[in-house]
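In: Take this sequence and fold it.
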Amino acid sequence: MSESPRSPEAVLRRLEWTVIRRLDGAVHGDYRTLFRGFGLDLADLREYQHHDDVRHIDWNVTARLQTPYVRVFNEDREVTAWFLLDLSASMDFASRETRKRAVATEFAAVLARLLTRRGNRVGALCYGDSLDTVIPARAGRRHVLHLLHRMLSRPERAASAATDLREFFRAAFRIIPRRSLVFVLSDFISAPGWSEPLAHLAERHEILAVRLTDPLERTLPDLGLLLFQDAETGEQLFVDTHDRAFRARFAAAALRREQALRAAFGDAGVDALELGTDDDLVDAILRFADLRRQRSRLAGGGAALPAHLERSPS
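Out: Numbers count the residues shown, from 1 in each chain. Predicted structure coming up:
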């Protein structure tokens, strides 16, 4: 009996062959920049040098010696990573064949496999109408398959309450006590006010917000009269997409939302990676690697990140 192409084993094997092998070739198997450990022991003090992270300056020693000194750490390379998965109804949207949820699932599976094959542990928190699933952090390929199974087996959600990421982030802060690498996978279509609890979460963890998008959420084609339905509330509305002024207002509203989201990520102090349903997964993960490298270089300088790390609105 042939294996279903939707089974966790088949999905992971496909990703190992089509994505992870390409990534291995692109970074020559060196994932240290992406997955540095967070367990740090103070090893020594030395004078500050150009490009050192100013956050490691020991101000007491600096004041005493009148020369900047930085703390040098021994790094525990074991990483614990958590995936905060927004699996609310809006994540099932797709203008073509690929849903936002499917892209989020594959991104999480690839990163989880890259981490676990080096002995690191991964866990996940899943949000539907609320935080409804906690998958404890463990290592190994079998655990990645378990995580995949839990994501793939969730049914498509019918109309439900509007997403509120504030409570999701507050719950994550309570559940994940030890400093970790946290990936927040969401379209961030949510009640407002989530940037403050996300900032609180970022005080403890290193966070990457992965924002899932679909091209139709930015621009509308001219398709005549269409029935639109809110994926979460079920509210329906007829719109005339032949109306050029309406399409312009839609694009302007989408741009304002883009700007508000970027401001919210900035307020929360977290890096953001945009991942579209039409994106190549390898390219997206390499952008993540680039983001990590740039963040490492700029950590002490206060400079802005290069614009190419976040896709500009169309």
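In: wait, L286 sits on L23?
Out: Yes: if you go by CB atoms under 8 Å, L286 and L23 touch, sitting 7.5 Å apart. The way it works is simple: take the backbone N, C-alpha and C, and place the C-beta from them, glycine included.
In: and those two? which has more neighbours close in?
Out: More crowded of L286 and L23, by other CB atoms under 10 Å: L23, with 18 against 15.
In: Enumerate every residue touching V27.
Out: L286, A289 (CB atoms under 8 Å, 6 or more residues apart in numbering).
In: Tell me how far it lies from G193.
Out: 38 Å (CB to CB, to the nearest Å).
In: swap in Y48?
Out: Distance from Y48 to G193, by CB to CB: 39 Å.
In: again with A89
Out: From A89 to G193 the distance is 20 Å (CB to CB).
In: T62 now?
Out: For T62, the distance to G193 - CB to CB - is 39 Å.
In: Also T241?
Out: 32 Å.
In: Same check on T219?
Out: 28 Å.
In: do R211 as well
Out: 17 Å.
In: thinking again about what came up before, more neighbours: Y48 and G193, which one.
Out: Just comparing Y48 and G193: by other CB under 10 Å the higher neighbour count belongs to Y48, 17 against 11.
In: Now do the contacts for the more buried one.
Out: Per CB under 8 Å, 6+ apart, neighbours of Y48: I57, T62, T67, P68, Y69, V70.
In: Return the member of those nearest to G119.
Out: Within the contacts of Y48, distances to G119 taken as CB to CB reach their minimum at V70, with 29.3 Å.
In: Do I have it right that the closest one meets R46?
Out: Yes: if you go by CB under 8 Å, V70 and R46 touch, sitting 6.4 Å apart.
In: Just give me the neighbour total for the spatially closest residue to P136 that is not a sequence neighbour.
Out: Leaving aside its sequence neighbours, P136 sits nearest to G123 (CB to CB, 6 or more residues apart in numbering; 5.4 Å). Number of residues near G123 (other CB under 10 Å) recorded here: 21.
In: Please identify the helix or strand for G123.
Out: strand 121-127 (DSSP states H and E).
In: That strand pairs with which strands, and in what direction?
Out: strand 80-86 (parallel), strand 131-138 (antiparallel) (DSSP bridges).
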